[in-house]
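1. Structure for the following, please:
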Amino acid sequence: MAHELRTPLATISLLGDAVRAESYTLKGEPAQRLDRLAGRLQQLVRNMNRQIDFQIANARLMQLPEHTEEVSAAVLVRKAIAEHPFRTSKECECVQLQVWNDFEFMGSPTLFVQVFDNLIKNALRSLAATGMPPQPGDLRIEIGARQALGRIAIRDRGLGIAGPLQPLIFEPFFSTRTGGLGLGLSLCETLATNMGGALTAAPNESHGALFTLTLPCQPQTP
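-> Alright, predicted model coming up:
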């Protein structure tokens, strides 16, 4: 399906190149209009390709990991943050990570990073929906552990989750976003459960949302 979608997108991209080349033969407002049209076509192609990549990554979450290993929560969260495609430098700067106590758990590093990338993406969308530029600390991630349970909390100062919608957000195909497929959070919760943990959501203390991922810790080596 991805291949069938990318083929016409490649054609649209070539048309965008042709329109831009045509604009170079003109002057004034007609040239500017064609150049803007070419830019919109190219942006559409980039957005659609990103959406395809995102859905392919989500589909991988539906498969139980074939390979698991003992991994560090802090290492994988830092990797997810470093590899996330932030749209602006301000988005990147709004993320703050606090590691109170690192912990190790059994899991698939690749799938865990994808789960966390989904949670970051959702938090940033909620922040963008406020219409305010992101500020440092608007997205705060905390890692801690107590006895046999590790905890990763993702707090944002976005729009939050309306009370009646909260029980529905982990349901497959439910989305509060126009055009969303509603699979991301459902798949994240499924993978958390498969790793012996849980993913929960609640309102943040002031405003926004709090997502908490809990995982069983590996025993500490004496």
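
2. Quick check: closest non-adjacent residue to Leu9.
-> For Leu9, ignoring the flanking residues on the chain, the nearest one in space by C-beta to C-beta, 6 or more residues apart in numbering is Val45 at 5.1 Å. Bear in mind the C-beta positions are built from the backbone N, C-alpha and C, glycine included.

3. The one you found contacts Thr11, correct?
-> No - counting by C-beta atoms under 8 Å, Val45 does not reach Thr11; the two are 9.5 Å apart.

4. and those two? which has more neighbours close in?
-> Looking at Val45 and Thr11 with other C-beta atoms under 10 Å, you find the greater number of neighbours at Val45, namely 20 against 11.

5. which residues touch the more buried one?
-> In this structure, Val45 makes contact with Leu9, Ala10, Ile12, Ser13, Gly16, judged by C-beta atoms under 8 Å, 6 or more residues apart in numbering.

6. residue ranges of the helices in the protein, please?
-> 2-23, 28-60, 73-83, 89-93, 109-128, 184-194 (DSSP state H).

7. As TSV, these with distance to Gly160 would be great.
-> Converted to TSV, these look like this (distance: least, C-beta to C-beta, whole Å):
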stretch	distance to Gly160
helix 2-23	34
helix 28-60	23
helix 73-83	22
helix 89-93	19
helix 109-128	7
helix 184-194	15
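
8. For Ile152, which of those is the nearest?
-> With C-beta to C-beta, the closest approach to Ile152 among these belongs to helix 73-83: 6.1 Å.

9. elements contacting the closest one?
-> strand 95-99, helix 109-128, strand 139-146, strand 149-156 (3 or more C-beta pairs under 8 Å, 6 or more residues apart in numbering; DSSP states H and E).

10. Ranked by average pLDDT, which of these falls at the bottom?
-> Within the helices and strands packed on helix 73-83, the least confident segment by mean pLDDT turns out to be helix 109-128, at a mean of 87.

11. Can you dump the C-alpha atoms of it in CSV for me?
-> These are the backbone C-alpha positions of helix 109-128, laid out as CSV (Å, rounded to 0.1, in the frame of the first residue of the first chain):
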residue,chain,number,x,y,z
PRO,A,109,14.6,-0.9,22.0
THR,A,110,13.2,-0.1,18.5
LEU,A,111,9.6,-0.4,19.5
PHE,A,112,10.0,1.4,22.8
VAL,A,113,11.6,4.4,20.9
GLN,A,114,8.6,4.4,18.5
VAL,A,115,6.1,4.4,21.4
PHE,A,116,7.9,7.3,23.0
ASP,A,117,8.1,9.2,19.7
ASN,A,118,4.3,8.9,19.5
LEU,A,119,3.8,10.3,23.0
ILE,A,120,6.1,13.2,22.2
LYS,A,121,4.3,13.9,18.9
ASN,A,122,0.9,14.0,20.7
ALA,A,123,2.2,16.3,23.4
LEU,A,124,3.6,18.7,20.8
ARG,A,125,0.4,18.7,18.8
SER,A,126,-1.5,19.6,22.0
LEU,A,127,0.9,22.4,22.7
ALA,A,128,0.6,23.7,19.1
